[in-house]
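Engineer: One predicted model, sequence on top.
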There are 2 protein chains.
Amino acid sequence: MRLIYSGKTKDVYEDGPYLIFYFKDSLLGEDGREDTGGNEVIGERPGKGSAVLKQTEFFFSLLERNGIRTHFVERIDERRARFLKAERIPLETIYRFKAYGSFLRRYSGWVESLQELGIVEFTLKDDSLGDPLITEEAILRLGIASEGELEEMKEVTKRVAEILAEFFSAKGLELIDFKLEFGRLNGELLVIDELSGDTMRVMKGGRLLSQEELLEVVE
Amino acid sequence: MRLIYSGKTKDVYEDGPYLIFYFKDSLLGEDGREDTGGNEVIGERPGKGSAVLKQTEFFFSLLERNGIRTHFVERIDERRARFLKAERIPLETIYRFKAYGSFLRRYSGWVESLQELGIVEFTLKDDSLGDPLITEEAILRLGIASEGELEEMKEVTKRVAEILAEFFSAKGLELIDFKLEFGRLNGELLVIDELSGDTMRVMKGGRLLSQEELLEVVE
């Protein structure tokens, strides 16, 4: 197997028509503080990679049961899983139920923390640029995705928002925001990468859940 | 008259139902280098304020003759002019014919310098935040402008793009980008602030025109 990508939270290997993800124990945060919606590595915790894989398997299965196609195939062991090899679209959709994190910093003074939003944003996936916000018009002109793909990405993101919000709400929890990535495979759009405590923020009574607490929710 | 705003390139006074703008001699640039599309003060040049007022008077008159309402009323002297006092919407529209300046930096590696775009962007006017890009959905949710206003701002920006491009093209020049601000007055949307070498980039044979060169174009 050939290592094709080594990221902050996982290594990705190519295995014929599949990708094998190895989930690392890196903790994500912002300004040195643990934050499940953060984008920088602030340390390590044994078991973190295994927790993210458990969460991803759980949430991708939940999406599949609700008619959303993902690239998840099967878990291999505690830290590794097999995925369909889709062509990654270098965008991220962010669904924001409420204002938090980068949205608060970007528009500081114009928005209250946890103000109701209900919006979808696109960011360009490029760590060296800080994953900048990008408009749909710019995405089209730069040839990053087609109009049909953008519409589908927005629709799927809103549908996933409903599915996840319903799941958490039934457990007395509140989903604040989450991000999704998409890939192309045989003319179809799939949800790819992962869906875990590293890609969503969940609150209980106004307090963010930690990775461990989120893991208890899906176990 | 009461000073109500002191900005990088002008002071604004209140005079009954009017605003009086006093245009300063500050030069705008980026990274210490003069750039008519830049956003930081890099020095002063005698005559700069008077040039910006001449340009603003010229371009606002050009827009008015083409059916676009602006807040310009009349010039008072070399450095001062009278404007209608509209309620300022804290947004800026940027029309980008070609990629340059902040767009190139924001998406570095994903776009070529001077790549064809033809797009409208909205930024939130807040110097302390660096005038961040903002999506239409976010503008609506934060209550900054209405859906009707956003549509009209986009339409007017595109129409202004046509008018200005035609003007420059007839002189063998190429408009690269420009920005507009809008205000509300008696239920109508007006183009406000200024339209000058400080708010547009114009090229001749691939080279940016200086303030002085742009002044010659309108005189």
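Structural biologist: Happy to help now that I have it.

Engineer: use CA for all of it now, contacts and neighbours both
Structural biologist: Fine.

Engineer: who touches the lengthiest helix in chain A?
Structural biologist: As assigned by DSSP state H, the longest helix anywhere in chain A is helix A:147-170. Applying C-alpha atoms under 8 Å, 6 or more residues apart in numbering or on different chains, the contact partners of helix A:147-170 are A:63, A:66, A:68, A:93-95, A:120, A:136, A:140, A:174-175, A:180, A:182, A:189.

Engineer: List the buried residues for the helix or strand just after it?
Structural biologist: Remark: after helix A:147-170, the chain's next helix or strand is strand A:174-185, criterion DSSP states H and E. Under the neighbour-count criterion of 16 or more other C-alpha atoms under 10 Å in any protein chain shown, strand A:174-185 has A:E174, A:L175, A:I176, A:D177, A:F178, A:K179, A:L180, A:E181, A:F182, A:G183, A:R184 buried.

Engineer: and strand A:174-185, average pLDDT?
Structural biologist: Average pLDDT, strand A:174-185: 98.

Engineer: List the contacts of it.
Structural biologist: For strand A:174-185, the external contacting residues (C-alpha under 8 Å, 6+ apart) are A:37, A:85-100, A:114, A:153, A:157, A:164-165, A:168-169, A:189-195, A:199-204.

Engineer: what separates the next helix or strand along the chain from that strand from the chain centre, distance-wise?
Structural biologist: Remark: after strand A:174-185, the chain's next helix or strand is strand A:188-192, criterion DSSP H and E. Relative to the centre of its chain, strand A:188-192 is centred 13 Å away, using C-alpha atoms, centre = their mean, to the nearest Å.

Engineer: circling back: which one of the buried residues of strand A:174-185 is nearest chain B?
Structural biologist: A:D177 (14.3 Å; C-alpha to the nearest C-alpha).

Engineer: follow-up on the earlier one: please pick the buried ones from the contacts of helix A:147-170.
Structural biologist: A:L63, A:I68, A:T93, A:I94, A:Y95, A:V120, A:E136, A:E174, A:L175, A:L180, A:F182, A:L189.

Engineer: Tell me where chain A has helices.
Structural biologist: So, for chain A - with DSSP H - the helices run A:48-65, A:102-106, A:136-141, A:147-170, A:211-218.

Engineer: any chance of the ones you listed in a markdown table, plus mean pLDDT?
Structural biologist: Shown next, in a markdown table, are these (pLDDT from 0 to 100):
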| stretch | mean pLDDT |
| --- | --- |
| helix A:48-65 | 96 |
| helix A:102-106 | 96 |
| helix A:136-141 | 98 |
| helix A:147-170 | 98 |
| helix A:211-218 | 89 |
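
Engineer: Between the ones you listed, which one is closest to B:L27.
Structural biologist: helix A:102-106 (27.0 Å; C-alpha to C-alpha).

Engineer: Give me the residues contacting that closest one.
Structural biologist: Residues contacting helix A:102-106 (C-alpha under 8 Å, 6+ apart): A:V111, A:E112, A:S113, B:L129, B:P132.

Engineer: what's the offset of it from the middle of its chain?
Structural biologist: Centroid displacement of helix A:102-106 relative to its chain, using C-alpha atoms, centre = their mean, is 18 Å.

Engineer: go on, stretch A:134-153?
Structural biologist: Chain-centre distance of stretch A:134-153: 19 Å, with C-alpha atoms, centre = their mean.

Engineer: With stretch A:188-195 instead?
Structural biologist: 9 Å.

Engineer: cool, and stretch A:167-174?
Structural biologist: 18 Å.

Engineer: Now the closest residue in space to A:G205 that isn't next to it in sequence: phi and psi?
Structural biologist: Distances taken as C-alpha to C-alpha, 6 or more residues apart in numbering or on different chains place A:L173 nearest to A:G205, at 7.8 Å, with adjacent residues excluded. The phi/psi pair for A:L173 (degrees, to the nearest 10) reads phi -110, psi 160.
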